[in-house]
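Asks: Give me a 3D structure for the following:
(2 chains)
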There are 2 protein chains.
Amino acid sequence: MTTDTPRGQHAAAAAVADGDPSRSDVLARLISELGERVDTSDESLEAARSDKSGHRSSGRPIAVVHAASVDDVQRTMRIATQTRTPVVTRGAGTGLAGAAMGGPGEIVLSMRSMDAILEVRPDDLLAVVQPGIINADLNAALAAHDLWWAPDPASRAISTVGGNIATGAGGLLCAKYGVVRDAVLGVDLVLADGRLLRLGHRTVKGVTGLDLTSLVIGSEGTLGVVVAATLKLRRLVPGEVSTIAATFPDVRSAARASAAVTASGVQPAIMELMDATSLATAHAYLGIADPTPGAAQLIAQTDGPAAALEAEAIARIFAVNGGNVTVSRDREEGERLLTIRRSMHPAMEALGKTTLIEDISVPRSALATMFEEIARIEREYDVTIPTIAHAGDGNLHPNFAFDGERVPDRVWEAADALFRAALALGGTLTGEHGVGTLKRRWLADELGDDQWALQRDIARVFDPLGILNPGKVFVP
Amino acid sequence: MTTDTPRGQHAAAAAVADGDPSRSDVLARLISELGERVDTSDESLEAARSDKSGHRSSGRPIAVVHAASVDDVQRTMRIATQTRTPVVTRGAGTGLAGAAMGGPGEIVLSMRSMDAILEVRPDDLLAVVQPGIINADLNAALAAHDLWWAPDPASRAISTVGGNIATGAGGLLCAKYGVVRDAVLGVDLVLADGRLLRLGHRTVKGVTGLDLTSLVIGSEGTLGVVVAATLKLRRLVPGEVSTIAATFPDVRSAARASAAVTASGVQPAIMELMDATSLATAHAYLGIADPTPGAAQLIAQTDGPAAALEAEAIARIFAVNGGNVTVSRDREEGERLLTIRRSMHPAMEALGKTTLIEDISVPRSALATMFEEIARIEREYDVTIPTIAHAGDGNLHPNFAFDGERVPDRVWEAADALFRAALALGGTLTGEHGVGTLKRRWLADELGDDQWALQRDIARVFDPLGILNPGKVFVP
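Replies: Take a look at the predicted model:
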């Protein structure tokens, strides 16, 4: 991933030859201070232009800096401040909102190499980690201590803890076990000018001053660079897992069943919904028999000491709402039942189209109504919107698939209608993916102009020159 | 609590007679716009000078405004901005850090009358409330829906939800059920200039823009006035409660037993520790036989489906660490066992002295070491520091009792040593009471000068004129 110094120097010369002296100056200074950490290889510059959203920036960034230490990050930021060069902080590049795409005139600061576990304290239920560690790798290491970090985005096998923090990631387990914001006690943050701040605490309780840790979570690289995080851990949940899968004649009855589970007071660990198009797409991808046309699927998992009792209660609610129910108390059989749901993202990728993944959240009682709204928007805009949902917490991922890189106007219009419908139901624009570039056009609609301006002004306190991920989240 | 208009006009005239035209102008404008909401009675002005810390401001505020609506709050803030008059927002006045004390030249904005429950949604596990509602009153109303709001500060019978949010309150149940920050989805906030913002969301997940809701929680009246809050609720925990009480020969062995429970992975709902002096004080107050000299007490409570099993495990750990253990599976008997702990605050008050209640938090593994540090500080400064602790989460309340209103220098010096010891163990200055006036002198020590300045600058984005609770938290 890294390039050697002569090659970097060659790139600096090339930048001068390009007739861009400021860019060549920045590159020369980076190479002078950071040597082989500075990567200008074609592959790396090209890869840094996009994330998993399938979208790309308008061109290649100046360089990718592979930070190996806090000092590397501070040096990079000092050079960026002195030369007023934008910096795009990046983890594994698995984001879905276009927040970590680097473009012309920008430095991409990769934190992927800073992937150490600095400390695990089972007696205090905390760990201190560098941001580049992959979520699943961290959890594999914690399992040896009978511990886990609860945030479980669907990307956990490929996304970094730092990226999870930058987006305020969610996942499948959130209704029962919380989101990233509930599982981070503190972060070490390098500011735009290179200063290092230690935010937060190592204790269960702590209210000294303003909660800047929570402010950084979900800030998508606009406030600083997270170089370490103190994570709140949980004990692995003992006992059996029960899995309840059900097919419903249509998506509205599945959504109603899901809302009925929440209203009943039973708390599943996971409750996932697939609409008819999603289910058919996943079946086709896995090469299994087509589902009944129009049928939707709901799959729930319970854990902990009352898992079996809760599974029975959920199965009854599913059946009463028209579900054809299967229950398994075997952990492996449960994983097999979840395979269809987990294969949705690769199934969409395999269609060979570009996918715009929306990420609206609504109050759980509004889930069935939101699916009615999606059906209305499909009719009005003549589009198909395969949708999956973390039904247990009201977070929906409607997908728009199209050919080519450019999002068709009709898709933007349908997405706009989708967002307005969610907002009208008391919902929000993004539950767990963030705003990035893809949702920035709606940010002020949700926040209101006053709050939008206030948020931008707060970001300016951290970053007075506006060099941290400009053009993302807050568009001037 | 309110005063009539003629009386207010009389007060305005008195202010002019005092030779303070600016103060009289502010009062006249408040009365003109808010009429009988403006209270200048002797009792109210005097009461608004202090909170439950036992400390008082240097004199009476201009007036107490009893807001009855969002409009009242906006009008008050517009007048305050136009006249550059400081505003101290206040709930029930039960704070312990001197954050809500009103002084000369200041308007006290009381939210206590805005105490309505605006909405309860059992199917979405949320409620929307006005800030003046008492925590226990809210929970009594929620119980009818089989719901509760988990934050349970010891003051829950007398403190408001708005005050709980302003301080970022904790309580006894935090290790298992979280703090206020984990239980608020959004707040409506009136800014210093009177504009109304709606922060946060009604959904389980939501990452649209910066998390200003978390920033407001624990901001102690420095960012705006909370006029409504969307609260995240829980189902009442079904099943039995088990209570485990134990006396230990000394406080260190009790602290070690508590840390051993956390390290074992068993999660009690409550785990409270009383040192020898606290225990003797509470026994004397309740008129029960003196405890064994030097003996400390640890009391834990378990709930949920595994309550009885967890209680057995905790009892074993207590016994192994030298505890003389009693276990009860009866809810009323459990409450009786907790009576000694709950009577600590009234017992201290009954001594007729002024009490400075500290509020340090340390990582749970450091609890026994922190008690050794307290013993050292008692010897070095020749003071007695009766201490209770929310041992399950590592939050200690060391008490300094003294005669008269003024904190003796020796007490401040001992408090300083206490805080430095906590910080050296990875702890924090305040776990749940806030900074207010009493801990502001140490704020920069914990945050560092850079973070302190950054936090102050963020507050200035909300409040450019510096009229929101000036002199508290961030001392210029």
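
Asks: Residue numbers of the stretch 151-300 of chain A in contact with chain B?
Replies: The stretch 151-300 of chain A has residues A:167-168, A:170, A:174-175, A:178-179, A:181-182, A:195, A:197-199, A:201-212, A:214-215, A:217-219, A:223, A:235, A:259, A:262-263, A:265, A:267 near chain B, with proximity defined as CB under 8 Å from any CB of the partner chain. Glycine gets a C-beta too; all of them are placed from N, C-alpha and C.

Asks: which SS state does A:Leu172 fall under?
Replies: coil (DSSP: H, G, I helix; E, B strand; the rest coil).

Asks: Any figure for the gap between it and chain B?
Replies: 11 Å (CB to the nearest CB, to the nearest Å).

Asks: Looking at the residues of the stretch 151-300 of chain A next to chain B, which are in strands?
Replies: Among those, the members falling in strands (DSSP state E) are A:Leu197, A:Arg198, A:Leu199, A:Arg235.

Asks: Stretch A:77-89 near chain B at all?
Replies: No: judged by CB under 8 Å from any CB, stretch A:77-89 makes no contact with chain B; its nearest approach is 13.9 Å.

Asks: Span of that stretch from start to end?
Replies: 11 Å (CA to CA, to the nearest Å).

Asks: Residues contacting it, please?
Replies: For stretch A:77-89, contacts defined as CB atoms under 8 Å, 6 or more residues apart in numbering or on different chains pick out A:22, A:25-26, A:29-30, A:33, A:48, A:61-62, A:76, A:100-103, A:105-109, A:111, A:166, A:190-194, A:221, A:225-226, A:465, A:467-470, A:472.

Asks: okay if I get the ones in strands among the residues of the stretch 151-300 of chain A next to chain B as TSV plus neighbour count and pLDDT?
Replies: Shown next, in TSV, are these (neighbours: other CB atoms under 10 Å in any protein chain shown; pLDDT from 0 to 100):
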residue	neighbour count	pLDDT
A:Leu197	18	97
A:Arg198	16	97
A:Leu199	27	97
A:Arg235	15	93
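
Asks: Grab the nearest non-local neighbour of A:Val407.
Replies: The shortest distance from A:Val407 to any non-neighbouring residue, by CB to CB, 6 or more residues apart in numbering or on different chains, is to A:Leu356 (5.8 Å).

Asks: Just checking: what are the partner strands of the strand or helix carrying the one you found?
Replies: Assessed by DSSP states H and E, A:Leu356 sits inside strand A:354-357. Strand A:354-357 pairs in its sheet with strand A:395-402 (antiparallel), by DSSP bridges.

Asks: How far does the partner strand sit from its chain's centre?
Replies: Mean C-alpha position of strand A:395-402 versus that of the full chain (CA atoms, centre = their mean, to the nearest Å) differs by 14 Å.

Asks: got the buried residues for that strand?
Replies: A:Asn395, A:Leu396, A:His397, A:Pro398, A:Asn399, A:Phe400, A:Ala401, A:Phe402 (16 or more other CB atoms under 10 Å in any protein chain shown).

Asks: ok, and does whichever helix or strand comes after the strand holding A:Leu356 reach over to chain B?
Replies: Next helix or strand after strand A:354-357 toward the C-terminus (DSSP H and E): helix A:367-381. No: against chain B, helix A:367-381 shows no contacts by CB under 8 Å from any CB, the least distance being 10.3 Å.

Asks: Any idea how far helix A:367-381 is from the middle of the chain?
Replies: On CA atoms, centre = their mean, the centre of helix A:367-381 falls 24 Å from that of its chain.

Asks: ok, now stretch A:418-435?
Replies: Distance, centroid of stretch A:418-435 to centroid of chain: 15 Å (CA atoms, centre = their mean).

Asks: Dump that stretch to CSV, restricted to CA.
Replies: Provided in CSV are the C-alpha atoms of stretch A:418-435 (Å, rounded to 0.1, in the frame of the first residue of the first chain):
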residue,chain,number,x,y,z
LEU,A,418,-38.9,8.7,0.5
PHE,A,419,-37.1,11.0,2.9
ARG,A,420,-40.0,13.4,3.2
ALA,A,421,-42.3,10.5,3.9
ALA,A,422,-40.0,9.3,6.7
LEU,A,423,-39.7,12.8,8.2
ALA,A,424,-43.5,13.2,8.2
LEU,A,425,-43.8,10.0,10.2
GLY,A,426,-41.4,11.4,12.9
GLY,A,427,-38.4,9.7,11.3
THR,A,428,-34.9,10.7,10.3
LEU,A,429,-32.8,10.9,7.1
THR,A,430,-30.1,8.5,8.2
GLY,A,431,-30.2,5.9,11.0
GLU,A,432,-26.6,4.6,10.8
HIS,A,433,-24.8,5.4,7.5
GLY,A,434,-24.3,9.1,7.9
VAL,A,435,-24.8,12.1,5.7
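
Asks: buried set for that stretch?
Replies: So, applying 16+ other CB under 10 Å, buried residues of stretch A:418-435: A:418-419, A:421-423, A:425-435.

Asks: Filter the contacts of stretch A:77-89 down to just the buried residues.
Replies: A:25-26, A:29-30, A:33, A:48, A:61-62, A:76, A:100-103, A:105-109, A:111, A:166, A:190-194, A:221, A:225-226, A:467-470, A:472.

Asks: Looking at those, which are in strands?
Replies: Judged by DSSP E, those include A:Ile107, A:Val108, A:Leu109, A:Val190, A:Val225, A:Val226 as members of strands.

Asks: got a markdown table for the residues you listed, with distance to A:Leu443 too?
Replies: Output for these, formatted as a markdown table (distance: CB to CB, whole Å):
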| residue | distance to A:Leu443 |
| --- | --- |
| A:Ile107 | 25 |
| A:Val108 | 23 |
| A:Leu109 | 24 |
| A:Val190 | 25 |
| A:Val225 | 22 |
| A:Val226 | 22 |
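
Asks: In terms of helices and strands, where is A:Ala389?
Replies: Element membership for A:Ala389 (DSSP H and E) is strand A:387-390.

Asks: what does the stretch 351-476 of chain A have sitting close to chain B?
Replies: Residues of the stretch 351-476 of chain A lying near chain B (CB under 8 Å from any CB): A:361-365, A:390, A:393-395, A:426-435, A:439, A:443, A:446-448, A:450-452, A:454-455, A:457-459, A:461-462, A:473.

Asks: again, 7 Å this time
Replies: Taking CB under 7 Å from any CB of the partner chain as the contact definition, the stretch 351-476 of chain A meets chain B at A:361-365, A:393-395, A:426-432, A:434-435, A:443, A:446-447, A:450-451, A:454-455, A:457-458, A:461.

Asks: So which of those belong to helices?
Replies: With helices taken from DSSP state H, the overlap with these comprises A:Leu443, A:Glu446, A:Leu447, A:Asp450, A:Gln451, A:Leu454, A:Gln455, A:Asp457, A:Ile458, A:Val461.

Asks: Return the member of the residues you listed nearest to A:Thr247.
Replies: Distance to A:Thr247 across these (CB to CB) is lowest for A:Glu446, with 34.6 Å.

Asks: Tell me which residues touch that closest one, please.
Replies: Counting by CB atoms under 7 Å, 6 or more residues apart in numbering or on different chains, A:Glu446 makes contact with A:Leu423, A:Thr428, A:Leu429, B:Thr208.

Asks: would JSON lines of those with pLDDT be doable?
Replies: Below are the contacts of A:Glu446 laid out as JSON lines (pLDDT from 0 to 100):
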{"residue": "A:Leu423", "pLDDT": "94"}
{"residue": "A:Thr428", "pLDDT": "95"}
{"residue": "A:Leu429", "pLDDT": "93"}
{"residue": "B:Thr208", "pLDDT": "91"}
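
Asks: With distance to B:Pro249 as new columns, can those residues be given to me in CSV?
Replies: Formatted as CSV, the contacts of A:Glu446 follow (distance: CB to CB, whole Å):
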residue, distance to B:Pro249
A:Leu423, 61
A:Thr428, 55
A:Leu429, 59
B:Thr208, 55
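
Asks: Which of these sits closest to A:Ala307?
Replies: A:Thr428 (30.7 Å).
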